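Undergrad: Here's my sequence, what's the structure:
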Amino acid sequence: MFETIAFYTFSFLTILAFAITVTTKNVLYAMSSLAGGMIIISGMFFLLNADFLGVVQIIVYTGAVIALYAFAMIFFDSTKDIVETKTGKTFFILTVLSSVMLVLILTIPMASGQVEALYPIHEGVGNAQDVGMVLFTKYLVPFEVAAVMLLVAMIGGIIMAGKKMDKNLTEIKENEE
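TA: Okay, here's the model as predicted:
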């Protein structure tokens, strides 16, 4: 019962976060909701007892989104549209509610004592080793294809950023003359 409620809550929050990412016009809001969505997805991994994948989700994908966040702040003048408003009370209430929900999601299964494994457990092998065995045997080719695609995307991003910087430098030099 608990897992069902947590799954639907995480699903709703994930869809909401990614909908904000797609529909907002402010780059900072889009990046913030993207990072939040990635963290919520890691909560789904924790529900499935895939601790290693949950931590990898947080570190790798959310870290990549934060790096993207920094580059977005550098390349776009996104702070010009931000107007600070005093929403401290609303923010405090949302923070308290989300913290209570997170604590309940993590402690209720442990307190009930009815935690069951959703995947086969090999004796003497930890979660990370289990994932490694499956990843480097059954899913080796898709894993390497994904790595090559990420490398190509990174190189393309560097090339595009370099071209934009060259264009901006020539505009600055023309304006100085």
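Undergrad: separation between residue 101 and residue 94?
TA: 11 Å (Cβ to Cβ, to the nearest Å). Every C-beta, even on glycine, is put in place using the N, C-alpha and C of the backbone.
Undergrad: which residues do the two both contact?
TA: With Cβ atoms under 8 Å, 6 or more residues apart in numbering applied, the contact sets of residue 101 and residue 94 do not overlap.
Undergrad: higher neighbour count, those two?
TA: When residue 101 and residue 94 are compared for neighbours, residue 101 comes out ahead with 15 against 11, by other Cβ atoms under 10 Å.
Undergrad: Next one, pLDDT for that one please.
TA: Residue 101 carries a pLDDT value of 79.
Undergrad: Kindly report the same for residue 48.
TA: 83.
Undergrad: what does the one 10 residues further on give?
TA: Here, the pLDDT recorded for residue 58 equals 83.
Undergrad: thought it was touching residue 42?
TA: Yes: counting by Cβ atoms under 8 Å, residue 58 touches residue 42, with 4.7 Å between them.
Undergrad: which of those two has more neighbours?
TA: Set residue 58 next to residue 42 and count neighbours by other Cβ under 10 Å: residue 42 wins out with 22 against 17.
Undergrad: who does the host helix or strand of that one touch, helix- and strand-wise?
TA: In the assignment (DSSP states H and E), residue 42 maps to helix 27-47. If you count contacts as 3 or more Cβ pairs under 8 Å, 6 or more residues apart in numbering; DSSP states H and E, helix 27-47 packs onto helix 2-23, helix 51-56, helix 63-75, helix 88-112.
Undergrad: Would you tell me what the next helix or strand after the last one is?
TA: If I follow you right, that is helix 88-112. Immediately after helix 88-112, counting by DSSP H and E, sits helix 127-135.
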